[in-house]
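>>> kindly return the folded structure for what I paste below:
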Amino acid sequence: MFSSRMPRGSRRVFTLGLAAAMAVFAGLAQAQPSATPIRLLVGFPAGAGTDAIARTLGEKLKDELGAPVVVENRAGAGGQIAAQALKAAAPDGHTLFLTHDHSISILPQVVKNPGFNPATDFVPVAGFATFANVLAVSGGTPARSMDEYVKWVRTQRGGKDTIGVPAPASIPEFLVKMIGTKYKIDVQAAPYRGSAPMTADMLGNQISAGIASVPDFIENHRAGKVRIVATIGTKRQALLPQVPTFTELGFANLEDLPYYGVFAPVGTPQPVIDRFGAALAKVLAMPDVKQKLTTLGLTVAYEPQGQFAGRVRSYTQTWERIIKSSGFTPQ
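Numbers count the residues shown, from 1 in each chain. Next up, the predicted model:
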């Protein structure tokens, strides 16, 4: 208890100083580590490429953030369920969403009522990688190139085939349509609930081909169990120097690479976002992390909030044009 004999002027200075100190401590507390676990939502099953990426980063982020980082798989609907969970989460920095382009840039364009709007419900935190979607054929086919696959479909399958995709109305599904149009073959997309079950069917020769990301296929490609025959992007992938791009094969508008990044609920305090972004930048600079992500098929490059937001806008606009020109009707 303060003495009532303290001079009035001194009491006023002391009170103002105490209030300022409390404000400073409150601001610091908001940005400091917390023992409360951080949920890192992932919209795909355990064992899939995105899950492996999230667990690689989460293991290191816990040390930088001073709090446990728990990867929470909310699989289904191409990331839609996880995105809805992010929207419902409190904007306190304890729930984040690690995802790729499909959930943010594509779903809102192909689903009438996705249950979230990235522009108003989420805020980009940071980007950390790009990757390529690729076409791979199963070991049960003799094809070792796009031309050989098309020839096999024409001569052995009567001009018809089914190509697996990790989610309905996804970029891989639109790629299937583009392949059919260019080569004048009847190929239909078979949507799965994630790349893991699709790859399992490819390994069992239940389907002859599939389209997903490099991280989803790279290990089985190295083992010779599937063969990647085409990738998107302006240049060949470092891990796949012998595999041509779709652009080289004569496809248009497939230059922009899909992205990976982290999102938070709108209203999350900026100091919290900045702190997570700084921690992510440190983790990505760790040689073992960069090597692991590169091995998984990613091109690792940290993008701060503003730069990443620009990438998301540009990529979304590119695919908005492609989707509209395809005549696709949101379901």
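
>>> strands along this structure, start to end?
With DSSP state E as the criterion, the chain has strands at 38-42, 69-73, 95-100, 122-130, 133-138, 160-165, 186-191, 209-213, 226-231, 259-265, 299-303.

>>> and the fourth one, C-alpha only, in PDB?
Taking only C-alpha atoms (Å, rounded to 0.1, in the frame of the first residue of the first chain), the coordinates of strand 122-130 have been written out as PDB:
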ATOM      1  CA  PHE A 122      -7.800 -15.400 -43.000                       C
ATOM      2  CA  VAL A 123      -4.600 -13.400 -42.900                       C
ATOM      3  CA  PRO A 124      -1.400 -14.600 -44.600                       C
ATOM      4  CA  VAL A 125       1.400 -15.200 -42.100                       C
ATOM      5  CA  ALA A 126       4.300 -16.200 -44.400                       C
ATOM      6  CA  GLY A 127       5.200 -18.400 -47.400                       C
ATOM      7  CA  PHE A 128       7.900 -20.900 -47.300                       C
ATOM      8  CA  ALA A 129       8.100 -22.900 -50.500                       C
ATOM      9  CA  THR A 130       6.900 -23.500 -54.000                       C
END
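
>>> helices and strands around that strand, which ones?
Secondary structure elements in contact with strand 122-130, counted by 3 or more Cβ pairs under 8 Å, 6 or more residues apart in numbering; DSSP states H and E, are helix 80-88, strand 259-265, helix 270-284, strand 299-303, helix 305-325. All C-beta spots, glycine's among them, are computed from the backbone N, C-alpha and C.

>>> any idea which of those is most buried?
Per residue and on average, the most neighbours among these fall to strand 259-265, with a mean of 23 (mean count of other Cβ atoms under 10 Å).

>>> quick one: low-confidence parts of the protein?
In the predicted model of the chain, residues 1-34 satisfy pLDDT under 70.

>>> picking up where we left off before, is it possible to get CSV of the helices and strands packed on strand 122-130 that adds distance to Leu40?
Output for the helices and strands packed on strand 122-130, formatted as CSV (distance: least, Cβ to Cβ, whole Å):
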stretch, distance to Leu40
helix 80-88, 10
strand 259-265, 8
helix 270-284, 10
strand 299-303, 17
helix 305-325, 17
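
>>> dump the residue contacts of the residue positioned nearest the centre of the chain.
Closest to where the C-alpha atoms of the chain average out (Cα atoms, centre = their mean) is His100, at 1.5 Å. Contacts here follow Cβ atoms under 8 Å, 6 or more residues apart in numbering; on that basis His100 touches 50, 79, 131, 213, 258-261.

>>> quick revisit: which of the helices and strands packed on strand 122-130 sits closest to Thr234?
strand 299-303 (12.0 Å; Cβ to Cβ).

>>> neighbouring strands for that closest one, and are they parallel or not?
Under the criterion DSSP bridges, strand 299-303 sits next to strand 122-130 (antiparallel) in its sheet.

>>> what residues are up against the nearest residue to Val165 once chain neighbours are set aside?
Residue nearest to Val165 in three dimensions, not counting chain neighbours: Pro172, with 3.8 Å by Cβ to Cβ, 6 or more residues apart in numbering. Contacts for Pro172 were tallied using Cβ under 8 Å, 6+ apart; they are 133, 163, 165-166, 189, 210-212.

>>> same thing but at 10 Å, please
For Pro172, the contacting residues are 102, 133-135, 163-166, 189, 191-192, 195, 198, 210-213, by Cβ atoms under 10 Å, 6 or more residues apart in numbering.

>>> please save the CA atoms from stretch 249-260 in PDB.
Extracted as PDB, the C-alpha positions of stretch 249-260 are listed here (Å, rounded to 0.1, in the frame of the first residue of the first chain):
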ATOM      1  CA  LEU A 249       5.200 -30.300 -74.200                       C
ATOM      2  CA  GLY A 250       3.000 -27.500 -75.600                       C
ATOM      3  CA  PHE A 251       0.600 -26.600 -72.800                       C
ATOM      4  CA  ALA A 252      -0.100 -23.000 -72.100                       C
ATOM      5  CA  ASN A 253      -0.800 -21.100 -68.800                       C
ATOM      6  CA  LEU A 254       1.000 -23.600 -66.600                       C
ATOM      7  CA  GLU A 255       4.000 -21.400 -65.600                       C
ATOM      8  CA  ASP A 256       2.900 -20.200 -62.100                       C
ATOM      9  CA  LEU A 257       4.100 -22.600 -59.400                       C
ATOM     10  CA  PRO A 258       1.800 -23.600 -56.500                       C
ATOM     11  CA  TYR A 259       2.800 -22.400 -53.100                       C
ATOM     12  CA  TYR A 260       3.000 -23.500 -49.500                       C
END
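
>>> quick one: buried residues of it?
Neighbour-count burial for stretch 249-260, with 16 or more other Cβ atoms under 10 Å as criterion, is recorded at 249, 251, 254, 256-260.

>>> same question, stretch 57-70
Residues of stretch 57-70 classed as buried: 57-58, 60-62, 64-65, 67, 69 (neighbour count, 16+ other Cβ under 10 Å).

>>> domain map for the protein?
Listed by automatic domain parsing, the domain ranges of the chain are 36-131+258-325, 135-231.

>>> reformat these as CSV; add distance to Pro244.
As requested, the domains of the chain are arranged in CSV below (distance: least, Cβ to Cβ, whole Å):
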stretch, distance to Pro244
domain 36-131+258-325, 17
domain 135-231, 6
